[in-house]
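>>> task: produce atomic coordinates for the following.
(one chain, ligands or ions: 1)
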Amino acid sequence: MGTDQYQPLQGMSDLAAPDIDIWQALESKSRKLLDGYTVQEVRTPVLERTSVFTRSIGDTTDIVQKEMYTFEDRGGRSITLRPEGTAGVMRHVAGQGPEGSESRLYYMGPMFRAERPQAGRKRQFHQLGVEFLGCPSPAADAECIALQQHLAAEWGLENCRVRINTRGMPEDRTIVSRGLRDRLLSSVSDLCEDCRRRLETNPLRVLDCKHESCRGVVDGLPPITDLMSSEARDYYQDVLHILGRLDVEVEQTPKLVRGLDYYVHTVWEICHPALGAQDSISGGGRYLIPVGGREIEGVGFAVGLERVIAALKEQGKVEDLVEKHRGIWLISSGKAAFDENMVLMQTLRLRGMRCGMDLRNRSMKAQMRLANRQSASHVIIRGDHEMDNGTFILKDMSTGDQEELDMPALMERLHVVPLIDVGGR
Ligand code: HAM
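Okay, here's the model as predicted:
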């Protein structure tokens, strides 16, 4: 029988020890920091009606055209595994009435895109996303970018680069697309097949095509801000000004457009030099999303957590992030000591200590090995001698020192106040 049956689907992974410690550390540091920015968590379903995504992400985007896991449910309705978090959050806030459209929300969880798996690109990956709704001000864009920088620093990521651009006002869309199309038409023979199609459907997307010949064409174009209204340019300058005041360094990148259709005004990406071709750890921007007959405005970003972890590993920063699980391991020789250690273990746990013991009646040597594997800071050893005397051997695993203590001395050494009978005599 092959071993494939034990593997997850291609492009998907089990998250388990030892990496799960990194995930948990990232998550808990992020939650704490987000609370400081007065952002609240929202958990939306991973499955949504397909229209939730098509109407917001855009029909001509790669995500909608080729990357969604879409299928029919048992009732023949078209449903989709979420490829990103923003659309579902918009569906949620639209149902909340006027208050919902002014919330500050974050989410963490799996997203699904049927992409060709490669380094940094998975079919199931995890995002931490933030959405600030109903605050049409450059200050909110700047706050969002500053928050994202702060998160990266909190995780220990160094040398992140923020690339930023503007897509202009919603009213600028037609004029920018038309102007861009006119300029690109003269070089149409140098464009790849996809970009020739994009000229008709979504000329902006030509700007971030990775094909070398398309890049050559795009490099010769003036910035799209030239085609925009002065209002859009002023908005962008305001964002840059506030970022300067907040000490957030950014690189203006006139060709950055981002691959989702809902963006207006500011767009940005954060890249990390330790990652290869897929070097963007996060992306975001201001958006206008149609939901149920109205449009919700917001600004937000999503970080790809797998890429953050890859960058931290490259930088050798994982150790700093993860707190070592220390604790106490109880070791018993003989049935009486085992029974009393069960009681002691529960007592210590009720007092908030991390501790454990082997329940399989194995040799002292095997129990010690387990204690080492568990990175115990101390072990408490009890055998017939200690049971008779009402004492405990406390061994410090880092120094190897050990001492025989009675119950009050043991509790004092472990900084525990005993409340119930812990089996000492
Ligand atoms: P996105 O640029 O499509 O934006 O994704 C954000 C981040 O998710 C990327 O920068 C990357 O780190 C990670 N990511 C995307 N696809 C994959 C993949 N196949 N494998 C691994 N990581 C991946 C959005 O999703 C927008 N919803 C962001 C946003 C929120 N804009 C406004 N609010």
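
>>> please count neighbours and contacts with C-alpha atoms only from this point.
OK.

>>> show me what from the stretch 1-150 of the chain comes close to the ligand.
Residues of the stretch 1-150 of the chain found near the ligand, taking C-alpha under 6 Å from any ligand atom as the criterion, are E84, G85, T86, R113, G120, R121, K122, R123, F125, Q127, G129, E131.

>>> if you set the cut-off to 5 Å instead, what comes out?
Of all the residues in the stretch 1-150 of the chain, those in contact range of the ligand (C-alpha under 5 Å from any ligand atom) are E84, T86, R121, K122.

>>> and the stretch 301-425 of the chain, by the same measure?
Proximity of the stretch 301-425 of the chain to the ligand (C-alpha under 5 Å from any ligand atom) is limited to residues F301, A302, V303, G304.

>>> tell me the most packed of these, by neighbour count.
Using other C-alpha atoms under 10 Å as the neighbour definition, those reach their maximum at F301, which records 27 neighbours.

>>> pLDDT value on that residue, please?
What the model reports as pLDDT for F301 is 98.

>>> so how far is T225 from the residue lying closest to it once chain neighbours are set aside?
Taking C-alpha to C-alpha, 6 or more residues apart in numbering as the measure, F301 lies nearest to G284, with 3.7 Å between them; neighbours along the chain are not counted. Between G284 and T225 the computed distance is 18 Å (C-alpha to C-alpha, to the nearest Å).

>>> looking at the two, which is more packed in?
Higher neighbour count among G284 and T225: G284, with 26 against 19, using other C-alpha under 10 Å.

>>> and that one, what's its pLDDT?
Looking at G284, its pLDDT is 98.

>>> what's the answer for R183, then?
Reading off the confidence values, R183 has pLDDT 91.

>>> what is the burial count for it?
Taking other C-alpha under 10 Å as the neighbour definition, R183 ends up with a count of 14.

>>> in what helix or strand does the residue nearest to F301 lie?
Under the criterion of DSSP states H and E, G284 resides in strand 280-291.

>>> can that strand be found next to the ligand?
Yes - against the ligand, strand 280-291 shows contacts by C-alpha under 5 Å from any ligand atom at S280, I281, S282, G283, G284.

>>> among these, name the buried ones.
S280, I281, S282, G283, G284 (16 or more other C-alpha atoms under 10 Å).

>>> list just the nearest of the residues you listed to M12.
Closest approach between those and M12, by C-alpha to C-alpha: I281, at 18.1 Å.

>>> residues touching the closest one, list them.
E269, I270, C271, H272, V303, G304, L305, R307, V308 (C-alpha atoms under 8 Å, 6 or more residues apart in numbering).

>>> pull the most distant pair out of these.
With C-alpha to C-alpha as the measure, no two of the contacts of I281 lie farther apart than E269 and L305, at 14.3 Å.

>>> just the element for the nearest residue to I393 once chain neighbours are set aside, please.
Closest residue to I393 in three dimensions, ignoring its sequence neighbours and counting by C-alpha to C-alpha, 6+ apart: E404, at 4.5 Å. Counting by DSSP H and E, the element that carries E404 is strand 402-406.

>>> neighbouring contacts of that strand?
Counting contacts by C-alpha under 8 Å, 6+ apart, the residues outside strand 402-406 that touch it are G390, T391, F392, I393, L394, K395, D396, G424.

>>> of those, select the buried ones using a PyMOL command.
A single PyMOL command is used to select the members of the contacts of strand 402-406 judged buried by 16+ other C-alpha under 10 Å:
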select buried, resi 391+392+393+394+395+396+424
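
>>> nearest to the ligand among the contacts of strand 402-406?
Using C-alpha to the nearest ligand atom, D396 is the member of these that lies nearest the ligand, at 43.0 Å.

>>> now the closest one, nearest residue through space, not along the chain?
The spatial neighbour of D396 that comes closest, neighbours along the chain excluded (C-alpha to C-alpha, 6+ apart), is H378 at 4.7 Å.

>>> kindly provide the distance from that neighbour to S187.
Distance from H378 to S187, counting by C-alpha to C-alpha: 72 Å.

>>> just want to know which of these two has more residues nearby.
When H378 and S187 are compared for neighbours, H378 comes out ahead with 24 against 13, by other C-alpha under 10 Å.

>>> didn't the more buried one look like it was pressed against L394?
Yes - under the criterion of C-alpha atoms under 8 Å, H378 lies in contact with L394, with a separation of 6.8 Å.

>>> tell me the SS of D261?
For D261, the assignment made with DSSP: H, G, I helix; E, B strand; the rest coil gives coil.

>>> and the residues of strand 280-291 next to the ligand as CSV, adding distance to R181?
Rendered in CSV, the data for the residues of strand 280-291 next to the ligand read as follows (distance: C-alpha to C-alpha, whole Å):
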residue, distance to R181
S280, 27
I281, 30
S282, 28
G283, 25
G284, 25
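
>>> quick one: the helices in the stretch 251-400 of the chain, in order.
305-314, 318-321, 335-350, 364-373, 384-389 (DSSP state H, counting those that start in this stretch).

>>> closest one to W155 among those?
helix 318-321 (6.7 Å).

>>> can you give me the buried ones in that closest one?
With burial defined by 16+ other C-alpha under 10 Å, the residues of helix 318-321 counted as buried are V318, L321.

>>> chain center to that helix: distance?
Computed by C-alpha atoms, centre = their mean, to the nearest Å, the separation of helix 318-321 from the middle of its chain amounts to 16 Å.

>>> I'm done for today, thanks for sticking with me.
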